[in-house]
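>>> For reference, the sequence and a predicted model appear below.
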Amino acid sequence: MEGNRNQVISKGAKWLLLVFSALGFMCVSFLAPSSLSFHLHPYLYEKKISNPRDYSRSPGSDNQPSPERRLRVSTPQTTAAGFPVLMYHRIDNTPDPYNLYVTVKNFEAQMHYLFVKGYHTVSLPQLQDYLMLHRPLPSKPIVITFDDGNKDNVTTALPILHHFGFTAAIFIAGRYVGKSGAVTLADIQTLAAGGWDIGNHTFSHAHMAHLNTTQQNQELDEDNALLQKALPGQAFHFFAYPTGDYSDSVVTTLKADGFTLAFTTDHGWLKPSDNPYELPRLYVGPSTSLAQFAAMTGRPFYPGGRINPHLS
């Protein structure tokens, strides 16, 4: 009888211990800053957000970022060491032979990481003022770019970025606009209304360094004409080299045609002393883990050649 009573007391003590432990954990979670749970190694962080959010609400409904993003304050800084410019292509779960895609889950995790770490996206006009007029940028600046003009940039990337209060730039090859898998003229208008910068990527996704001056001008002019169908009266001053292919001749043509910034596929951070027509970017692909993403956005390093020969 005495043994049974001791067993009951022992079981009761265990249950009380479990209840008090649970209550203590709830109190700590409630009182601690919400960002505390994200000061983790990136691999652990990745597991915490394995279920992507629902971004189905139209970003154009109020054109405002989420409430938590609006509360953040940015302090201007000089960014003497430079900062990262990210290069994306497709945000889609379907692989391609060139590794020019990032899965939706990984992209969401990357943007969530940037948000938690306090990054602020920089527009291309802001970047131009930083390089040419030495104007300060927000704290922890970052530029997000997309090449080619894939449909998922509108259907997937735009609402995710909008949720975090981020904007981006997109470089569109006009020949593919309106075709399967590519943006439409209406999509270009949606992106511009969402705060995205629209840039030229040649009309036919051409290897510009292989063309003569007349052909280079034709590629640029035809792409601008197509973009102006979506955004009448707008001038386009920003460019990304298809396949990263550029030369002194191409740079001369861009300057003569009024372009002010041009992005390469050279892998590294952008520095304030960089040539505005040879700006490097960081390739993000399907094999980029969150730990690698954290490292390349958090520590300065400078161009050492292309990391993916198929970059466009």
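Perfect, I can see it now.
>>> Which neighbouring elements make contact with the helix or strand containing residue 186?
Per DSSP states H and E: residue 186 is located in helix 185-193. Judged by 3 or more C-beta pairs under 8 Å, 6 or more residues apart in numbering; DSSP states H and E, the packing partners of helix 185-193 are strand 197-200, helix 213-230. Backbone N, C-alpha and C define where each C-beta goes, glycine included.
>>> Next, the angle from the longest one to helix 185-193.
Compare the direction of helix 213-230 with that of helix 185-193 by axes from the mean of the first three to the mean of the last three C-alpha atoms, to 10 degrees and you get 80 degrees.
>>> can I get the CA coordinates of helix 213-230 in CSV?
Extracted as CSV, the C-alpha positions of helix 213-230 are listed here (Å, rounded to 0.1, in the frame of the first residue of the first chain):
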residue,chain,number,x,y,z
THR,A,213,27.7,49.3,-82.9
THR,A,214,24.7,49.5,-85.3
GLN,A,215,23.5,46.1,-84.0
GLN,A,216,24.1,47.1,-80.4
ASN,A,217,22.0,50.2,-80.8
GLN,A,218,19.2,48.3,-82.5
GLU,A,219,19.0,45.8,-79.6
LEU,A,220,18.8,48.6,-77.1
ASP,A,221,16.4,50.7,-79.0
GLU,A,222,14.0,47.8,-79.8
ASP,A,223,13.9,46.8,-76.1
ASN,A,224,13.3,50.3,-75.0
ALA,A,225,10.4,50.6,-77.5
LEU,A,226,8.9,47.5,-76.1
LEU,A,227,9.2,48.6,-72.5
GLN,A,228,7.6,52.0,-73.4
LYS,A,229,4.5,50.2,-74.7
ALA,A,230,4.0,49.2,-71.1
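>>> before we move on, back to that, so which of the helices and strands packed on helix 185-193 is nearest residue 265?
Smallest distance to residue 265 across the helices and strands packed on helix 185-193 (C-beta to C-beta): 14.5 Å, for strand 197-200.
>>> Might you calculate how far that closest one sits from the centre of the chain?
15 Å (C-alpha atoms, centre = their mean, to the nearest Å).
>>> Give me the contact list for that strand.
Residues outside strand 197-200 that contact it (C-beta atoms under 8 Å, 6 or more residues apart in numbering) are 123-125, 167-172, 188, 191-192, 220, 223-224, 227, 230-231, 234, 236, 238-240, 259.
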